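Peer 1: no sequence on this one, just coordinates:
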């Protein structure tokens, strides 16, 4: 399960660098650039839309292909890296909530297979409800953030 290790390490690194205040100055300087912020934000939005392919496939069929599930899982593990390239810190106010929600969504995704092995319907149902709920709420945060970013710049 290299995706599990990769995702867990990326989340831990993001949280650790925030707690200890460590950062790459060259990346922080790049993130001040307006064009970079817009392009890296676009990459995050496209990534998020790409992750929704699984839900769209499930609407048309009860069992999406194994390949699609694998892509969803493997690509999802890289989410914290894309977030870090866009924003080196959690931010403030609603942006902090959005960042933590995004990382929580990825963390929940990483826990899917270990939780599925428990063979507990209540646990699996709770996992699915929370994972999908975060995936539904995040686009509203993202849209609000994009509106503010473009309106006030």
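Peer 2: That came through fine. As the structure is a computational prediction, the values presented were derived from the model and not from experiment. Numbers count the residues shown, from 1 in each chain.

Peer 1: give me the buried positions along the helix or strand that contains residue 55.
Peer 2: Using DSSP states H and E, the secondary-structure element containing residue 55 is helix 53-60. Neighbour-count burial for helix 53-60, with 16 or more other C-beta atoms under 10 Å as criterion, is recorded at residue 54. All C-beta spots, glycine's among them, are computed from the backbone N, C-alpha and C.

Peer 1: start the count at 198 instead of 1 going forward.
Peer 2: All right, first residue 198 from here; so that's helix 250-257.

Peer 1: packing partners of that helix?
Peer 2: Contact here means 3 or more C-beta pairs under 8 Å, 6 or more residues apart in numbering; DSSP states H and E; on that basis helix 250-257 packs against helix 263-273.

Peer 1: tilt between the helix it packs on and helix 250-257?
Peer 2: 150 degrees (axes from the mean of the first three to the mean of the last three C-alpha atoms, to 10 degrees).

Peer 1: centre of the chain to helix 263-273, how far?
Peer 2: In this view, helix 263-273 has its centroid 14 Å away from the chain centroid, taken as C-alpha atoms, centre = their mean, to the nearest Å.

Peer 1: again with stretch 201-210
Peer 2: Relative to where its chain is centred, stretch 201-210 has its mean C-alpha point 12 Å off (C-alpha atoms, centre = their mean).

Peer 1: same deal with stretch 315-322?
Peer 2: Stretch 315-322 has its C-alpha centroid displaced from the chain centroid by 23 Å (C-alpha atoms, centre = their mean).

Peer 1: perfect, I'm done here.
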